[in-house]
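Colleague: With the input below, show me the fold.
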Amino acid sequence: MVILPPDLRMNSANYINLILNEVGYPFYEQVAEEYGDVLWQDDSAKYHVSNRVKDWQKSMEMRRMVWPAQSPGLNPIENLWSIIKQRISKRRHRIANIEELGQIIQEEWDKLDMGVIQKTIETMHRRCLAVIKARGGHTKY
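Modeller: Next up is the predicted model:
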């Protein structure tokens, strides 16, 4: 997880420099080394799919999952963010400033159980089937 300064505007350059170079690609390599095959998953935010980012990923031989624009929120990270938000909401009256909020988000992220993360990832097949069945419409996910 990367907590960015509140005044930073995300763009292709910042995504490459602060996310991909610093954390994303090293993690991608680690997973590829451990499991063999890996795909990078993000959403279709403009800075995720810009030509600059695509060229960078190609130069690094970083395979990206194809993710349609306007797709339902199937990314398993959304479930994990929901868990973190629920935990933070129980502490919100004790948060004094933005720096403390960042620390608390990091603490809650670090507390996520790997079993919960794995279970969320394993639901991807069901999520995709549900979207197909709903013809792209609303699902329980």
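
Colleague: Name the residues of the lowest-mean-pLDDT helix or strand in the chain that come out as buried.
Modeller: Across the helices and strands of the chain, mean pLDDT, DSSP states H and E gives its lowest value to helix 124-133, namely a mean of 85. Buried residues in helix 124-133, counted by 16 or more other C-beta atoms under 10 Å: 127, 130-131. All C-beta atoms are positioned from the backbone trio N, CA, C, and that covers glycine.

Colleague: Redo the residues you listed as CSV? Include distance to residue 113.
Modeller: Output for the buried residues of helix 124-133, formatted as CSV (distance: C-beta to C-beta, whole Å):
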residue, distance to residue 113
127, 20
130, 24
131, 26
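
Colleague: now, among those, which is nearest to residue 44?
Modeller: Nearest to residue 44 among those, counting by C-beta to C-beta, is residue 131 at 15.0 Å.

Colleague: Hmm, the closest one is touching residue 138, no?
Modeller: No: the pair residue 131 and residue 138 fails to qualify as a contact (C-beta atoms under 8 Å) at a distance of 9.4 Å.

Colleague: wait, what's in contact with residue 102?
Modeller: Residues in contact with residue 102, defined by C-beta atoms under 8 Å, 6 or more residues apart in numbering, are residue 3.

Colleague: Outline the domain layout of the chain.
Modeller: 1-69, 72-141 (automatic domain parsing).

Colleague: Flag whichever of those has the least confidence on average.
Modeller: Lowest mean pLDDT within those: domain 72-141, at a mean of 86.

Colleague: Quick check: phi and psi on residue 76?
Modeller: Main-chain dihedrals, residue 76, degrees, to the nearest 10: phi -60, psi -20.

Colleague: That one contacts residue 126, correct?
Modeller: No: using C-beta under 8 Å, residue 76 makes no contact with residue 126, being 11.4 Å away.

Colleague: re earlier: could you say what helices and strands the least confident helix or strand of the chain packs with?
Modeller: Packed against helix 124-133, as judged by 3 or more C-beta pairs under 8 Å, 6 or more residues apart in numbering; DSSP states H and E, are no other helices or strands.

Colleague: Take that helix, keep the C-alpha atoms, and write them as PDB.
Modeller: The C-alpha coordinates for helix 124-133 follow below in PDB (Å, rounded to 0.1, in the frame of the first residue of the first chain):
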ATOM      1  CA  MET A 124     -13.000 -13.800  -8.900                       C
ATOM      2  CA  HIS A 125     -14.300 -16.700 -10.900                       C
ATOM      3  CA  ARG A 126     -17.800 -16.400  -9.300                       C
ATOM      4  CA  ARG A 127     -17.700 -12.600  -9.700                       C
ATOM      5  CA  CYS A 128     -17.000 -12.900 -13.400                       C
ATOM      6  CA  LEU A 129     -19.700 -15.500 -13.900                       C
ATOM      7  CA  ALA A 130     -22.200 -13.300 -12.000                       C
ATOM      8  CA  VAL A 131     -21.500 -10.300 -14.200                       C
ATOM      9  CA  ILE A 132     -21.900 -12.400 -17.300                       C
ATOM     10  CA  LYS A 133     -25.200 -13.800 -16.000                       C
END
